[in-house]
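[1] Test case, fold it:
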Amino acid sequence: MIKSMTGFGRAERMLNDKKISVEIKALNGKQYSLLTKFPDYYGEKEIEIRNIITEKIINGKVNLVVKVEGEADETVKINEELAKRYYARLSAMMRTFGHEPQSEQIFQIILRIPDVYTTSNQQLSDDEWETAKVCMTDAAELCDRFRIEEGKMLETDILQKITQIKDLLNTIEPFENERNAQAEVRLRQKVQDYLTNEEGKNRFEQELIYFLDKFDINEEKTRLEKHLEYFTETVNMPDSQGNKLNFIAQEIGREINTIGSKANHAEIQKIVVQMKDALGKIKEQTLNIL
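    Here you go, the predicted structure:
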């Protein structure tokens, strides 16, 4: 089974007059990272929050946002009487120095004065924490389901391209036979040329060794078939195996490249290019697999 690194999950619940909502976004990333954003008074639970998310969401770049709306919004208190006194004193002082009071400037000064406004320390109750935990768990599960569904689409597309490479590999044989027949004619001619003298015999042996080593692609074709089978088996494993699939894809690429370097035939080269194109798309997709 394949899982995508990309996922999204959102959950919300009401607790009295508060609405608690949690969003989780997972993106492609080589290393796991978890960025969190939540109200300040949730800070004491940060380790527990991280444990809840990492238990469900592994690998990739994960963003968690916890929002609380309702009672928690009214945490700022303004001392209006004190602000009025400061406003009156500052306005009078500006007139004393020959300046017309500007309300906006005075307000900016007042807001910097201690005790004009205060922020109450919001406490995280047990009920709110339990509700938030449920939301985080639900959002994480939804994100994981999203990854599974997107993984199914990746799996279908990747296996189609693996089948495409297999089919292309099977089309090589007729051109390979044609190429071998042409090579045989050339070799027979060289036999006649080389066997006329001792130096020619040595040269013929070298040519024959070169032909056997650099011309034959049967081993590469066999290994490529095995790699393609192993790739399909790994896709069907119970757990997502993104790294392993990426490594197998690299091995597939090596065999395709070797076949291309030994091709010595225009049509085989064209087939190799098509296989490389399909493999390139597979490699791109394996980077987004867990």
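[2] Quick test: name the residue nearest the centre of the chain.
    The structure's the chain has its C-alpha centroid closest to Asn28; by Cα atoms, centre = their mean the separation is 1.9 Å.
[3] dump the residue contacts of that one.
    Contact partners of Asn28, counting by Cβ atoms under 8 Å, 6 or more residues apart in numbering, are 5-6, 60-61, 287-288. The C-beta positions use only the backbone N, C-alpha and C, and glycine is treated the same way.
[4] Distance to Val272, secondary structure and pLDDT added to these, as TSV?
    Output for the contacts of Asn28, formatted as TSV (distance: Cβ to Cβ, whole Å; DSSP: H, G, I helix; E, B strand; the rest coil; pLDDT from 0 to 100):
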residue	distance to Val272	secondary structure	pLDDT
Met5	31	coil	94
Thr6	32	coil	94
Gly60	34	coil	90
Lys61	36	strand	93
Leu287	23	coil	90
Asn288	26	coil	91
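[5] Ramachandran coordinates for Phe247?
    Backbone geometry at Phe247, expressed as degrees, to the nearest 10, gives phi -70, psi -40.
[6] quick one: contacts for it?
    Taking Cβ under 8 Å, 6+ apart, we find Phe247 in contact with no residue.
[7] same thing but 10 Å
    Taking Cβ atoms under 10 Å, 6 or more residues apart in numbering as the contact definition, Phe247 lies against 231, 234, 241, 286.
[8] what do you get for Ile49?
    Ile49 touches 22, 34, 36, 38, 42-43, 64, 66, 129, 132-133, 136, counting by Cβ under 10 Å, 6+ apart.
[9] Now it: which helix or strand?
    Assigned by DSSP states H and E, Ile49 belongs to helix 46-56.
[10] circling back: show me which of the contacts of Phe247 is closest to Lys18.
    Lys18 has its nearest neighbour among the contacts of Phe247 in Gln241, at 42.3 Å by Cβ to Cβ.
[11] so the closest residue in space to that closest one that isn't next to it in sequence is in which element?
    With Cβ to Cβ, 6 or more residues apart in numbering as the measure, Thr234 is the residue that lies nearest to Gln241, at 5.1 Å, once sequence neighbours are left out. The secondary structure element spanning Thr234 is helix 218-235 (assigned by DSSP H and E).
[12] chain center to that helix, what's the gap?
    Distance of helix 218-235 from the chain centroid (Cα atoms, centre = their mean, to the nearest Å) equals 25 Å.
[13] Please export the C-alpha coordinates of it as CSV.
    Written as CSV, here are the backbone C-alpha positions of helix 218-235 (Å, rounded to 0.1, in the frame of the first residue of the first chain):
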residue,chain,number,x,y,z
ASN,A,218,20.4,-10.2,-22.3
GLU,A,219,21.7,-9.9,-18.7
GLU,A,220,20.5,-6.3,-18.5
LYS,A,221,17.0,-7.2,-19.8
THR,A,222,16.7,-10.0,-17.3
ARG,A,223,17.8,-7.8,-14.4
LEU,A,224,15.4,-5.1,-15.5
GLU,A,225,12.5,-7.5,-15.5
LYS,A,226,13.5,-8.6,-12.0
HIS,A,227,13.7,-5.0,-10.8
LEU,A,228,10.2,-4.2,-12.3
GLU,A,229,8.8,-7.3,-10.5
TYR,A,230,10.4,-6.2,-7.2
PHE,A,231,9.0,-2.7,-7.6
THR,A,232,5.5,-4.0,-8.0
GLU,A,233,5.9,-6.4,-5.0
THR,A,234,7.1,-3.5,-2.9
VAL,A,235,4.1,-1.3,-3.9
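[14] Kindly reformat the contacts of Asn28 as TSV containing neighbour count and distance to Pro114.
    Rendered in TSV, the data for the contacts of Asn28 read as follows (neighbours: other Cβ atoms under 10 Å; distance: Cβ to Cβ, whole Å):
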residue	neighbour count	distance to Pro114
Met5	24	48
Thr6	19	48
Gly60	24	45
Lys61	17	41
Leu287	14	53
Asn288	20	52
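[15] tell me which of those is nearest to Ser125?
    When those are compared for distance to Ser125 (Cβ to Cβ), Lys61 comes out closest, at 31.8 Å.
[16] Okay, and the beta partners of that closest one?
    Note on Lys61: beta-bridge partners Leu27, Ser33, judged by DSSP bridges.
[17] Same question for Gly9.
    Ile24.
[18] now the strands: where do they sit in the stretch 1-150 of the chain?
    All strands of the stretch 1-150 of the chain, identified by DSSP state E, counting those that start in this stretch, fall at 7-15, 18-27, 33-37, 61-69, 76-78, 117-119.
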